[in-house]
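K.L.:
coordinates only, sequence not included:
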């Protein structure tokens with residue numbers, strides 16, 4: 001008796017984040033006619049379906065990533081708008097702070113002048129008495 005010949009086809013494909021392995025095998029006895037062409041056609045159809053399934057999961061994953069990017073982009077735009085608003089408020093506070101510092105400096109100068117006038121008046125009164 002002549003030994004049989006085994007044909008094995010292994011297909012690896014990705015579904016989501018996992019890899020799947022499918023093994024097809026068939027056996028041909030030595031001296032037997034080759035498998036009919038429709039058997040090979042069926043096998044090729046199954047292989048194409050598996051390729052489509054693996055590609056579809058990658059397409060789904062790509063679409064999910066695109067929607068995540070769009071969502072993060074929208075959130076980023078909101079954060080940028082809020083940041084611009086805070087920067088405008090900060091600029092307003094800084095301007096007010098500069099104005100208040102100028103007023104304080106002016107008041108300190110006036111106080112110094114008042115103290116000088118007071119001292120001069122005090123000295124002149126002592127001289128007159």
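P.N.:
Great, that's in hand. These figures come from a predicted structure and were not determined experimentally.
K.L.:
burial of residue 46, as a residue count?
P.N.:
Neighbour count for residue 46, taken as other C-beta atoms under 10 Å: 14. Quick note: C-beta positions are derived from backbone N, CA and C, even for glycine.
K.L.:
Quick one: mean pLDDT for the helix or strand hosting it?
P.N.:
In this assignment (DSSP states H and E), residue 46 forms part of helix 37-128. Mean per-residue pLDDT for helix 37-128: 89.
K.L.:
could you say what helices and strands that helix packs with?
P.N.:
Counting contacts by 3 or more C-beta pairs under 8 Å, 6 or more residues apart in numbering; DSSP states H and E, helix 37-128 packs against strand 4-15, strand 18-29.
K.L.:
Count the residues that sit near residue 65.
P.N.:
Residues lying near residue 65 (other C-beta under 10 Å) number 10.
K.L.:
do you know how far it is from residue 59?
P.N.:
11 Å (C-beta to C-beta, to the nearest Å).
K.L.:
Also residue 46?
P.N.:
Computed as C-beta to C-beta, the residue 46 to residue 59 distance reads 20 Å.
K.L.:
One more: residue 117?
P.N.:
Distance of residue 117 to residue 59, given as C-beta to C-beta: 86 Å.
K.L.:
Contacts made by stretch 96-113 with the rest, please.
P.N.:
Contacting residues not belonging to stretch 96-113 are not present [C-beta atoms under 8 Å, 6 or more residues apart in numbering].
K.L.:
Ok, stretch 69-79 next?
P.N.:
Contacts of stretch 69-79 (C-beta under 8 Å, 6+ apart): none.
K.L.:
got the buried residues for it?
P.N.:
By neighbour count with 16 or more other C-beta atoms under 10 Å, stretch 69-79 contains no buried residues.
K.L.:
now stretch 119-129
P.N.:
Buried, per 16+ other C-beta under 10 Å, within stretch 119-129: nothing.
K.L.:
How about stretch 89-96?
P.N.:
Of the residues in stretch 89-96, none is buried (16+ other C-beta under 10 Å).
K.L.:
what do you get for stretch 55-64?
P.N.:
Residues of stretch 55-64 classed as buried by neighbour count (16+ other C-beta under 10 Å): residue 57.
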